[in-house]
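> Turn this into a structure:
(chains A and B)
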Amino acid sequence: MSAGKDPEERWIGASIKSLDDINAIVSAPILAPQHTWRWWAALGVSGSITLLMIVSVIWLFAHGIGIFGNNTTIVWGFPIANYVWWLGIGHAGTLISALLLLTRQKWRSSLNRFAETMTLFAASMAGLFPIFHLGRPYYLYWIIPYPNVQDLWPQWRSALVWDFWAVGTYITFSALFWYVGLVPDLAMLRERAKSRTVRRIYGAFALGWRGSARHWQIQERFYRYMAALAVPLVVSVHSIVSLDFAASLEPGWADTIYPPYFVVGALYSGFAMVVVLAAALRWACSFEPFITVRHFDVIAKVLLGASVIMGVSYATEWFWGWYGGDRPERHLIAFLFTGPYAPLYYCQLAFNVVVPQAFWFARVRRSIPVVVLISILINVGMWLERILIVWGTLSRDYLPSAWRIFLPTFWDWALLLGSLGAFMFLFMIFVRILPALPAHELRKLWVEENNA
Amino acid sequence: MSEYLLVEFLTAHETEDAARAAAEAGKPALDVLSPNPVEDIAECLAPPRSNAPIGWVMFVAGAFGAAAGYFMQWYSAVIDYPVESGGRPLNSWPAFLLVPYETTILSAAIVGILGWMWMCGLPKPFHPLFEAGITGCAVQDRYLLVFPRDKKLAAWIGSHLKPVAIHEIGE
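Next up is the predicted model:
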């Protein structure tokens, strides 16, 4: 190994001495797991919470959405806020994967696989909530254009129909993008697995990948083109979600700032979730050589940038509410600051704008527990933002006779908690059957850093 | 032809130098199997690899997806089920642009992955090169140059390219 890069410039720890070290560490949670009782415990806990979700859904389908706190004016409650929040979390996976690939950011290689997996699971959770919120979920297929005897079509001018296309495309695309990156790693698992059955399963999904020059040449170009498609896709998805609100004529919703504001918020909460997952994986799977303090440092910088943009967006909303001079708009902003939701609103501002300013200090960015703590607060803050977007406007509509307050029920909380449990349950299964880090990209990065 | 020499190296640099030396000596390798892409090695191989037109395939698929997405809405809203509502034009093109935006990306990706598999010759679980156990190491940490099997060539490779090992596949 001739002279490589300065240790301070590296993204892979010095404890990695050969390509096979990378393969061994990445495949260990699958082929040679340690601390399996921890994994079983986590699976058991998340599995029980998933059961809570299943019970909630059965109860919901049996009794209808009246089991939620929704009332005659606040018709969108938890499910819509959860939908927007989960979908936003999903966005960071695609952005890490695609945008950082196109901008040639080398730190992406340690994060992209599990971040993309997070995207798949988070977007799946998100996709469920609008279905739960349908009064008659069994008519979901009416939103799909299909030949029918009634000769009916979806209403193409509706933001809700656009949502269906955006989210459907997003989940399908993310799964394809994820799989294309996974194939060389599946080939590695095919060769490393001891049992014949396991070899055959990985072998079938690896499609016979053998790392030939032709394979790599086409793979690299195709992956880059997919990334170039992923960036405009991800921007469009949360923009379209924001149109569910912005295309209405409600105070606080009909704002031109909504699409970019939603996209940045999505990136923000998603990066915060990536921090939490990265810290958990680093601890549980001994990924310290690949997920280093420097990675937390750079993500904290991204979070800091996003928190400033969020602050500016909130201020822009206040300014236009006041400057526009519309009474309902002004009233809504006063209501958020002084009404019954005010404590939640102050928490939102503190968690999303004030607390992350701590990231200006390098010592904070380089302390993993602190970065994780702030990231959890950001996720809570972003959820509060989503729920207050729904509650605020609907609680203070144009007519005082429509003014109501939302009171969450047990089932509101059960379904939110349940979706978190289901997300964690899926993620626990993922880390045991698929490589959580992209071994082939780490090998490439290691070769570059060590000039091997 | 299913008789090959697999010439083993430990690093990407050595592999690239060896592939270049072989090409300059008029004995270019047929292929290289590697755990990660080796830059610029395609030009040292025979036959030379042209760039696969995967981008064009995706572009055409995307254009078709856009046209199909718009056509579906136009046909539905103007021809099959026209609804006059508040004087809005039947062909409300600004509102109709969002679905084609998504169908463009969706069709480019789906056709792209099929194109990727077709151009890579995948799925192909049983390739003659897998007869050598060392091929399995090429997806982990070994670099293998693939040459046609030939005694003279093997001797030349052994003395000029300094490989770690030469593996033979075939009878």
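> what about the helices in the stretch 151-300 of chain A?
Taking DSSP state H, counting those that start in this stretch to define them, one finds helices in the stretch 151-300 of chain A at A:159-192, A:196-206, A:213-246, A:258-284, A:293-324.
> Using CSV, lay out those helices together with mean pLDDT.
As requested, the helices of the stretch 151-300 of chain A are exported to CSV (pLDDT from 0 to 100):
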stretch, mean pLDDT
helix A:159-192, 91
helix A:196-206, 89
helix A:213-246, 90
helix A:258-284, 90
helix A:293-324, 92
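> lowest-confidence helix or strand of chain B?
Every helix and strand in chain B was compared by mean pLDDT, DSSP states H and E; the lowest is helix B:151-160, with a mean of 76.
> Check which helices and strands that helix is in contact with.
Judged by 3 or more CB pairs under 8 Å, 6 or more residues apart in numbering or on different chains; DSSP states H and E, helix B:151-160 is in contact with strand B:4-9, strand B:165-169. In short, each C-beta sits where N, CA and C put it, glycine included.
> Looking at the most centrally placed residue in chain B now. What's its pLDDT?
Central residue of chain B (CA atoms, centre = their mean): B:C120, 4.3 Å from the mean position. In this model, B:C120 is scored at 84, pLDDT.
> same question, B:E84
At B:E84, the model reports a pLDDT of 84.
> before we move on, what about A:G4?
A:G4 is given a pLDDT of 53.
> what residues are up against A:L160?
By CB atoms under 8 Å, 6 or more residues apart in numbering or on different chains, the residues touching A:L160 are A:130, A:143, A:244.
> Is it possible to get TSV of those residues that adds neighbour count and distance to A:S97?
Shown next, in TSV, are those (neighbours: other CB atoms under 10 Å in any protein chain shown; distance: CB to CB, whole Å):
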residue	neighbour count	distance to A:S97
A:P130	21	25
A:I143	19	28
A:D244	21	26
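> picking that back up, need the residues that contact the least confident helix or strand of chain B.
Contacts to helix B:151-160, defined as CB under 8 Å, 6+ apart, come from residues B:5, B:7, B:21-22, B:25, B:27, B:147, B:163, B:166, B:168.
> so which of these also contact chain A?
Among those, no residue lies close to chain A (CB under 8 Å from any CB of the partner chain).
> what packs against the helix ranked longest in chain B?
Among the segments of chain B that qualify as a helix by DSSP state H, the longest is helix B:98-120. Packed against helix B:98-120, as judged by 3+ CB pairs under 8 Å, 6+ apart, are the following elements: helix A:159-192, helix A:213-246, helix B:54-74.
> How far off centre is the shortest one?
Put plainly, it is helix B:54-74. 22 Å (CA atoms, centre = their mean, to the nearest Å).
> In contact with the most far-flung residue of chain B relative to its centre, which residues?
In chain B, the residue that sits farthest from the middle, by CA atoms, centre = their mean, is B:G86; the gap is 52.5 Å. By CB under 8 Å, 6+ apart, no residues touch B:G86.
> In three-state terms, label it for me.
Secondary structure for B:G86, judged by DSSP: H, G, I helix; E, B strand; the rest coil, is coil.
> show me where pLDDT drops low in chain B?
In the prediction, chain B carries residues with pLDDT under 70 at positions B:1-2, B:49, B:171.
> how does it look with 50?
By pLDDT under 50, the weakly predicted segments of chain B are B:1.
> Surely B:L144 forms part of a strand?
Yes: membership of B:L144 in a strand is supported by three-state DSSP.
> circling back: any chance of the helices of the stretch 151-300 of chain A in JSON lines, with distance to A:A439 too?
Listed next are those as JSON lines, based on distance: least, CB to CB, whole Å:
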{"stretch": "helix A:159-192", "distance to A:A439": "5"}
{"stretch": "helix A:196-206", "distance to A:A439": "13"}
{"stretch": "helix A:213-246", "distance to A:A439": "14"}
{"stretch": "helix A:258-284", "distance to A:A439": "14"}
{"stretch": "helix A:293-324", "distance to A:A439": "17"}
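> A:R365: what's its closest spatial neighbour, skipping adjacent residues?
A:A300 (3.9 Å; CB to CB, 6 or more residues apart in numbering or on different chains).
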